[in-house]
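Peer 1: Predicted model, plus sequence, below.
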Amino acid sequence: MSQAVSSNVKGASIEIKHLGKTFGNVKAVNDVSLTINAGEFVALLGPSGSGKSTVLMSIAGFERPSEGQILIGGQDCTRLPPNKRNIGMVFQHYTLFPHLSVGDNVAFPLKMRGVAKAERRRQAEAALEVVRLGGYGDRTPNQLSGGQQQRVALARAIVYNPQVLLMDEPLSALDKNLREEMQIEIKRLHAELGFTVVFVTHDQGEALTMADRIAILKAGRLQQVSQARELYERPSNLFAASFIGEMNMLPVRWDGVNAVFSDQDQIRLPDTASIQPVRPGSAILAIRPERLSIAAPGTEGSWKATVRDVVYAGAGSLLITHLADGSEVRLRVASAGQAPIRPGQEIGIKVPPEAALLYPADASQ
Amino acid sequence: MNPRAIILNAYVYAVLIFILLPILVILPMAFSETTYLTFPPEGMTLRWFEDFFGNSRWMAATWFSVKIAALTAITTAVIGTMATYALVRGAKAMGTLFQAFLIGPIVVPHIALAVALYLFFQNTGLSGTVFGYVAAHSIIAMPFTVFTVAAALSSVDPALEDAAMSCGANRFNAFRLVTLPIILPNVISGALFAFIISFDEPVIAFFLAGIRDKTLPRMMFDDIEQNLTPIIPAIAVMLTLLSIVVLLAAGLLKYVANRNAARVEQS
Ligand SMILES: Nc1ncnc2c1ncn2[C@@H]1O[C@H](COP(=O)(O)OP(=O)(O)OP(=O)(O)O)[C@@H](O)[C@H]1O
Ligand SMILES: [Mg+2]
């Protein structure tokens, strides 16, 4: 959880209760419940069409939920129009008002709140300074670069000290360097100002580095909500496991103690391997490529594999191998100090049992 | 230039001259010293312009036309902008039907509309009233306003209004403070078109004219029937100048609007 929570309680909590939204016969959001603490930074992550924007727009008030309730700071906002919710919002496209100067853009929310002109100017300039664009107030938006425009949009969203800041893929239009710079900027503002952030992204790296907690959505349903580390190390289902980072997935037979491969190799798994109880039968063994290591072929307890491809990528290398039954296993190993490995070579793969996770094979779970 | 381009150019100029010729012929007649129309004009005088401005009946008709044209411009600007907003941003299914009603008058012959309105207005006592004229002229000017406003509106990102609402503006203020200023040049240029369309509209004026109040085009018809003096070409000269000025103004506004639109796209 963010350190901002303890130092600063400017944020408001957000409670999403059994949220549902139907468009025609598409269930865009299906029974999503999520409590976001005051001052917390939560990322909504999921593939395209998973309902991220619909959840965000429901919090903002632009979508009217078909079911459920949304509370901001304990107050029921489900039917409140967006302009009454006192939230700051940054959109995916650049949404600066083209006919207004940068300063007037940032002052716009203050004008809506009846702040006097001189005071508006002062606060707008202060907000521009916060996003490191002090002195840009007299320019027009089209004189700014894409990154600068999103910073102005950010200044406009925070100028009236909202308790909640909502962002829908605010950085997706920026190139990689600018995006990283803006990620740091947003994190800094969050730490300094202490508002609650809900941040939509389909970039898992962005979610992992920025958010206190990450909520994963798939087809309108919440899959998992947890901190980055737990999400990566103990994804709660197969979807989350495959969606975040790389994951080897092997079909196995599970007898309650051992996972047996189709070619009779087997691995004994600790109790912690299964996040939810897995019934004996067919199951999926999941393991991160960087948790595997290379051993001499035939080493006791190692898997026998044949190298198919070696992809050198600087510090690390990716080994694509296959087991005797043909299933693919990928390894990420350090490039340095590694004896050269060639396609076609036989190797052993060492699998630390505590790195393996077991999921029911039934995809619907 | 290759021969085909030369022939094409020559053809285009020939067509233009053919279209412009009647105007070029009528204009010099406005300065003729004779009391009848003649070409080439004889002598050179501004007498017909003086006659026009000195005659209270002509002046009354002019002011009546200005009043109706101005009210038509305002009416179409307000209703046309609201309607276009609904068309561009609103539900698509109803939109198509609605659009047909709005721009339909462009294909309905004015004479048919005029006869229909004549019958309707006779029974409702609207004939010859300011309201009657403004309503009729608004119908025929509306398509032009809708087209000009729609062109601007469809290039404005709807998310701008969402952004304004997230800043605390209600729906109306989001439109008034964000979308409207961006499309305003087109709204005004649509209104200018409506003004001109109303100002020299002859057919409806012919059918709806009351006994007392007549529009300028209707007065010109009367004058042509009774005594065809060069006052008619004199008025034609002024109407032509007015049209040119308004078209230039509209063109200038369109330029401003395009620049704004380019800005919107960039930002
Ligand atoms: N206004 C709408 N009308 C009809 N269907 C909609 C509407 N908005 C969203 N949907 C549908 O709801 C589902 C969820 O959409 P949503 O925009 O929330 O997804 P998303 O996770 O934000 O996707 P993306 O990453 O592409 O932005 C999609 O199937 C989408 O087609
Ligand atoms: Mg989206």
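Peer 2: Right, received. Where do you want to start? Nothing here was measured: the structure is a model prediction, and the numbers come from that model. Ligands and ions are numbered 1, 2, ... in the order given.
Peer 1: all contacts plus neighbour counts: C-alpha atoms, from now on.
Peer 2: Will do.
Peer 1: Nearest residue to the residue nearest the centre of chain A in space, please, no chain neighbours.
Peer 2: Geometric centre of chain A, nearest residue: A:Ala207, 3.2 Å, by C-alpha atoms, centre = their mean. Spatial nearest neighbour of A:Ala207, excluding adjacent residues (C-alpha to C-alpha, 6 or more residues apart in numbering or on different chains): A:Ala43 at 5.7 Å.
Peer 1: Then A:Lys27?
Peer 2: Among residues not flanking A:Lys27 along the chain, A:Lys21 sits closest, at 6.1 Å (C-alpha to C-alpha, 6+ apart).
Peer 1: burial count for that neighbour?
Peer 2: Applying other C-alpha atoms under 10 Å in any protein chain shown, we find 23 residues neighbouring A:Lys21.
Peer 1: Surely it and A:Met57 touch.
Peer 2: No: counting by C-alpha atoms under 8 Å, A:Lys21 does not reach A:Met57; the two are 10.8 Å apart.
Peer 1: and the strand or helix carrying A:Ile70, which residues are buried?
Peer 2: Assigned by DSSP states H and E, A:Ile70 belongs to strand A:67-72. By 16 or more other C-alpha atoms under 10 Å in any protein chain shown, the buried positions in strand A:67-72 come out as A:67-72.
Peer 1: the helices in chain A, which residues?
Peer 2: Using DSSP state H, the helices of chain A run over A:3-7, A:52-60, A:102-112, A:117-130, A:146-158, A:176-193, A:204-210, A:228-233, A:238-243.
Peer 1: contacting residues for the residue nearest to A:Ala207?
Peer 2: By C-alpha atoms under 8 Å, 6 or more residues apart in numbering or on different chains, the residues touching A:Ala43 are A:198-201, A:207, A:210-215.
Peer 1: element containing the nearest residue to B:Leu71 once chain neighbours are set aside?
Peer 2: Nearest non-adjacent residue to B:Leu71, counting by C-alpha to C-alpha, 6+ apart: B:Val134, 6.4 Å away. Per DSSP H and E, B:Val134 falls inside helix B:130-153.
Peer 1: does any part of the next helix or strand after that helix sit near chain A?
Peer 2: Counting by DSSP H and E, the element after helix B:130-153 in chain order, helix or strand, is helix B:159-166. Yes: Helix B:159-166 reaches chain A (C-alpha under 8 Å from any C-alpha of the partner chain) through B:159-160, B:162-166.
Peer 1: mind giving me CSV with the residues you listed and columns for neighbour count?
Peer 2: Below are the residues of helix B:159-166 next to chain A laid out as CSV (neighbours: other C-alpha atoms under 10 Å in any protein chain shown):
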residue, neighbour count
B:Ala159, 15
B:Leu160, 22
B:Asp162, 24
B:Ala163, 27
B:Ala164, 28
B:Met165, 27
B:Ser166, 27
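Peer 1: of those, closest to ligand 1?
Peer 2: B:Ala159 (13.0 Å; C-alpha to the nearest ligand atom).
Peer 1: OK, contacts around the closest residue to the closest one other than its chain neighbours?
Peer 2: Excluding its sequence neighbours, the residue lying closest to B:Ala159 (C-alpha to C-alpha, 6+ apart) is A:Thr95, at 6.6 Å. A:Thr95 makes contacts with A:153, B:159-160, B:163, B:267, as judged by C-alpha under 8 Å, 6+ apart.
Peer 1: Intersect those residues with the contacts of ligand 1.
Peer 2: Among the contacts of A:Thr95, none lies close to ligand 1 by the criterion of C-alpha under 6 Å from any ligand atom.
Peer 1: Mind picking the lowest-pLDDT entry from these?
Peer 2: Lowest in pLDDT among the contacts of A:Thr95 is B:Ser267, which has 47.
Peer 1: quick one on the thing from earlier: now pLDDT and distance to ligand 1 too, for the contacts of A:Ala43, in CSV please.
Peer 2: Listed next are the contacts of A:Ala43 as CSV, based on pLDDT from 0 to 100; distance: C-alpha to the nearest ligand atom, whole Å:
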residue, pLDDT, distance to ligand 1
A:Val198, 97, 13
A:Phe199, 96, 11
A:Val200, 96, 8
A:Thr201, 93, 7
A:Ala207, 92, 14
A:Met210, 93, 18
A:Ala211, 94, 17
A:Asp212, 94, 20
A:Arg213, 96, 17
A:Ile214, 95, 14
A:Ala215, 96, 12
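Peer 1: Keep only those of the residues you listed that are in strands.
Peer 2: A:198-201, A:213-215 (DSSP state E).
Peer 1: farthest-separated two in these?
Peer 2: The span of the ones in strands among the contacts of A:Ala43, defined through C-alpha to C-alpha, is set by A:Thr201 and A:Arg213 at 13.0 Å.
Peer 1: Enumerate every residue touching the nearest residue to A:Gly68 once chain neighbours are set aside.
Peer 2: Nearest residue to A:Gly68 in three dimensions, chain neighbours excluded: A:Leu19, at 4.2 Å (C-alpha to C-alpha, 6+ apart). If a contact means C-alpha under 8 Å, 6+ apart, then A:Leu19 has A:29-33, A:65-70 as its contacts.
Peer 1: Which positions in chain A make contact with chain B?
Peer 2: So chain A meets chain B at A:60, A:62, A:82-84, A:86-91, A:94-99, A:108-109, A:112-113, A:141-142, A:146, A:149, A:156-157 (C-alpha under 8 Å from any C-alpha).
Peer 1: which of these count as buried?
Peer 2: Using 16+ other C-alpha under 10 Å, the buried ones in the residues of chain A next to chain B are A:60, A:62, A:82-84, A:86-91, A:94-99, A:108-109, A:112, A:141-142, A:146, A:149, A:156-157.
Peer 1: residue of the stretch 101-250 of chain B with the smallest distance to chain A?
Peer 2: Proximity of the stretch 101-250 of chain B to chain A (C-alpha to the nearest C-alpha) peaks at B:Gly168, 4.0 Å away.
Peer 1: Of the helices of chain A, which is nearest B:Asn2?
Peer 2: Going by C-alpha to C-alpha, the one of the helices of chain A nearest B:Asn2 is helix A:146-158, 46.4 Å.
Peer 1: Show me what the closest one is packed against.
Peer 2: strand A:87-90, helix A:102-112, helix A:117-130, helix A:176-193 (3 or more C-alpha pairs under 8 Å, 6 or more residues apart in numbering or on different chains; DSSP states H and E).
Peer 1: Let me have the ones you listed in TSV, adding mean pLDDT as columns.
Peer 2: Output for the helices and strands packed on helix A:146-158, formatted as TSV (pLDDT from 0 to 100):
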stretch	mean pLDDT
strand A:87-90	94
helix A:102-112	96
helix A:117-130	94
helix A:176-193	89
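Peer 1: Wait, B:Ile139 touches B:Pro105, no?
Peer 2: Yes: between B:Ile139 and B:Pro105 there is a contact at 6.7 Å, judged by C-alpha under 8 Å.
Peer 1: how far is the helix or strand containing B:Ile17 from where the chain is centred?
Peer 2: Assigned by DSSP H and E, B:Ile17 belongs to helix B:3-29. How far helix B:3-29 lies from its chain's middle: 25 Å, per C-alpha atoms, centre = their mean, to the nearest Å.
Peer 1: what's the answer for stretch A:210-228, then?
Peer 2: Worked out by C-alpha atoms, centre = their mean, stretch A:210-228 lies 7 Å from the chain centre.
Peer 1: and the residue of the stretch 151-300 of chain A found nearest ligand 1, what does it touch?
Peer 2: Proximity of the stretch 151-300 of chain A to ligand 1 (C-alpha to the nearest ligand atom) peaks at A:His202, 6.1 Å away. Shown in contact with A:His202 (C-alpha under 8 Å, 6+ apart): A:45-48, A:169.
Peer 1: Many thanks, have a good one.
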